[in-house]
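[1] show me the folded form of this:
(2 chains)
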Amino acid sequence: MMIELGGVCKRFGRRQAVDGLDLSVPAGEIFGLLGHNGAGKSTAIGMMLGQVWPDAGQVRLLGHDVFSDRYRALEKVGAIFETPAFYDYLSGWRNLEILSSFSAPTPRQRIYEVIEWVGLKGREHHLVRTYSHGMRTRLALAQALLPNPSLLILDEPGDGLDPEGIHEMRHTILRLRRELGLTLLLSSHLLSEVEQLCTRIAVLHQGRKVFEGSLKEAREHGGWWRLRTPDFNRAVAVLREAGFIHDARDGEAVRLAPPATSDQVVRHLVNAGIAVCEIAPEERSLENFYLALMHRERAAGAKAD
Amino acid sequence: MLYHPFRSELWKLFGKKRTYIGFAMFLLAQNAISLGFKFTTATAQIERVLNQNGYLGETFITAPTIAVIMMVMIAIFLLPLYSALVGGDFVAKESEDGTLRMILCRPISRWRLLTVKWLAGCVFSALLVLALGGLGLLSARLWFPWGGLFVFAPEQSIFSVFNTQDGFARYLLAQVFLIPEAVTIMTLAFMFSCFNIKPAAATILAMSVVLISFILQHIPYFRDYHNWILTYHLNIWVYIFEETIPWWRIGQSLSLLVGFNATFFMIGATVFHLRDIKS
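    Below is the predicted model of the structure:
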């Protein structure tokens, strides 16, 4: 496992920022961390990087405990934050030398390679204060790649970027995985980006993990199936009577009641003399899934209050 | 293991313009004071004091004498300010700018990071003192001849005259013993800088401690408690100008300054270690 969080809790004053968070990210994944502002994403990332002390639980990166074996846990980890900060009065090259010196001495050749990889060649000796937002993002990527990482943590990397910048960022993330074989943890508000990039996601709400799974599972989450039949209302009545469905909507969708399966539903309808033209899991966009999940959590919270 | 991060801290420190404020102000202040001595009757008063004590006054109105007079005042007021300014920046400014978070993604431990920052602060403090001494002597030499040294420090009961060679040697040695003052004030500001506060607040807090200590030191009723007062130990460099250097007194204050510095560093480091670093 590249990232393992076990029962991690963190409270700031009266606010529970992270509450019993468990998370596992295996090697080779692009893992998305989703949630509203204040959901606990940045606090969780802060704990992964040893910048925020957890009140309870364990945080391991690359198999090493971040707090008791910081060097080995972070030796091969790079990170980029939403607003990367640099020493603006120094050149890009000097910034890279400085930031890499806190990991291990980095040969000049390695710095050249990384500068070329991120596309900053020719501007590396200019002062950072003269860099555009896009160039600063590339410099941030360069500093993260210098220690030759196995794991890259990206905290809201698309914030503040224009559409072209977001496109470039997406392209870069895919290159990182394809060319360098990195595992990536991506925290983002941009659901469309997460949908295009990530293999698995976790959703945080008020410090708690409310979903973890593959994108496919997220899209199917909720158990809704598209059912096309000549008499939808009768089909619904028959299935309800048999206890196979919880709900129906729009004259074309039913929500199965576990442990009912699609083949049981089809068999039952056919036996009842109702033809089935199509039955398939209803795939929702990540945005729809996310909004539904948040709505459900808020409703549950209101009920608990 | 500390070399590369230490070098990086020096690059950061000496890459910023505000690091040089102290050096520039010393140059301006010392030239202004030298001109003041040259074009007013201030030197006549020095001559009178010397003449009244049986010396040939005008032979001691020299560059070293003027440089020491300037050094006394600047060491009390300007040196603490610029040491505190840089010390207060070390952690708080990086925290404010967000670069601290970039550094702490790296495997370096917080203790090690603070150690290299403090060492860089010591280098700065030493250079600031050497600039104070060097620029003072240069400024004074523009308007006054080279020669013997006269030092009058009533508070420490010092009234000394030295020939050219001895005077210069004492002047150089005094610079060395002024470094602990700059380092201590830098460390005090560094300690406040480790708290979750703005860099200006760290500088102001450090200067407040120094000034309160200075005030306490000069209230006669607290004379019995001098050993507890920080500024009482900061002026050890003045004792270098006593005819016979009181090494016991200097050693006593130096050992206490080591204790003060260790305490400031440990408090700062402990607070910093326990802090959550967030955006």
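[2] when you work out contacts or count neighbours from here on, use the C-alpha atoms and nothing else.
    Will do.
[3] that's a helix at residue B:125, yeah?
    Yes. Assessed with DSSP: H, G, I helix; E, B strand; the rest coil, residue B:125 lies in a helix.
[4] check whether it really touches residue B:183, as I assumed.
    Yes. The pair residue B:125 / residue B:183 is scored as a contact, 5.6 Å apart, by C-alpha atoms under 8 Å.
[5] now for the two: what residues contact both?
    residue B:83 (C-alpha atoms under 8 Å, 6 or more residues apart in numbering or on different chains).
[6] how about the strands in the chain?
    Just going to use chain A. Here chain A has its strands, by DSSP state E, at A:3-12, A:15-25, A:30-35, A:56-61, A:64-65, A:77-80, A:151-155, A:183-187, A:200-205, A:208-214, A:224-228, A:245-249, A:253-256, A:278-281.
[7] actually it's chain B I care about, not the one you picked
    Going by DSSP E, chain B shows strands at B:149-153, B:158-162.
[8] looking at the stretch 151-279 of chain B, which residue is nearest chain A?
    residue B:276 (4.4 Å; C-alpha to the nearest C-alpha).
[9] what about stretch A:56-67, how long is it end to end?
    12 Å (C-alpha to C-alpha, to the nearest Å).
[10] tell me the mean pLDDT for it?
    Averaging pLDDT along stretch A:56-67 gives 95.
[11] contacting residues around it?
    By C-alpha under 8 Å, 6+ apart, stretch A:56-67 touches A:1-10, A:20, A:47-50, A:70, A:72-74.
[12] got a PyMOL select line for the buried ones in these?
    Filtering these down to the buried ones (16 or more other C-alpha atoms under 10 Å in any protein chain shown) takes a single PyMOL command:
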select buried, chain A and resi 2+3+4+5+6+7+8+9+10+20+47+48+49+50+70+72+73+74
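[13] and the contacts of stretch A:56-67 near chain B, which?
    The subset of those within reach of chain B, by C-alpha under 8 Å from any C-alpha of the partner chain, is A:49, A:50, A:70, A:72, A:73, A:74.
[14] may I see those residues organised as a markdown table, with pLDDT added?
    Formatted as a markdown table, those follow (pLDDT from 0 to 100):
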| residue | pLDDT |
| --- | --- |
| A:49 | 95 |
| A:50 | 95 |
| A:70 | 94 |
| A:72 | 94 |
| A:73 | 95 |
| A:74 | 94 |
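[15] looking at those, which are in helices?
    Within those, residues falling in helices by DSSP state H are A:70, A:72, A:73, A:74.
[16] give me the pLDDT for the residue positioned nearest the centre of chain B.
    In chain B, the C-alpha closest to the average C-alpha coordinate belongs to residue B:182, at a distance of 3.0 Å (C-alpha atoms, centre = their mean). Residue B:182 carries a pLDDT value of 97.
[17] now do it against residue A:274, distance only.
    Note on residue B:182: its distance to residue A:274, by C-alpha to C-alpha, is 92 Å.
[18] for residue B:175, same thing?
    101 Å.
[19] just residue B:121 next, same as before
    84 Å.
[20] between those two, which is the more surrounded one?
    residue B:121 (24 against 18; other C-alpha atoms under 10 Å in any protein chain shown).
[21] return the residues in contact with the more buried one.
    Counted by C-alpha under 8 Å, 6+ apart, residue B:121 has contacts B:86, B:87, B:183, B:186, B:187.
[22] could you list which of those also contact chain A?
    Okay, of the contacts of residue B:121, nothing touches chain A (C-alpha under 8 Å from any C-alpha).
[23] buried sites along stretch A:288-299?
    A:289, A:290, A:293, A:294.
[24] can you pull the pLDDT of the first one?
    So the one you mean is residue A:289. pLDDT, read off for residue A:289, is 82.
[25] ok, now the third one?
    Reading off the confidence values, residue A:293 has pLDDT 82.
[26] from residue A:195, how far off is it?
    Taking C-alpha to C-alpha, one finds residue A:293 at 16 Å from residue A:195.
[27] swap in the first one?
    With distances taken as C-alpha to C-alpha, residue A:289 is found 11 Å from residue A:195.
[28] re earlier: in helices, which of the contacts of residue B:121 appear?
    B:86, B:87, B:183, B:186, B:187.
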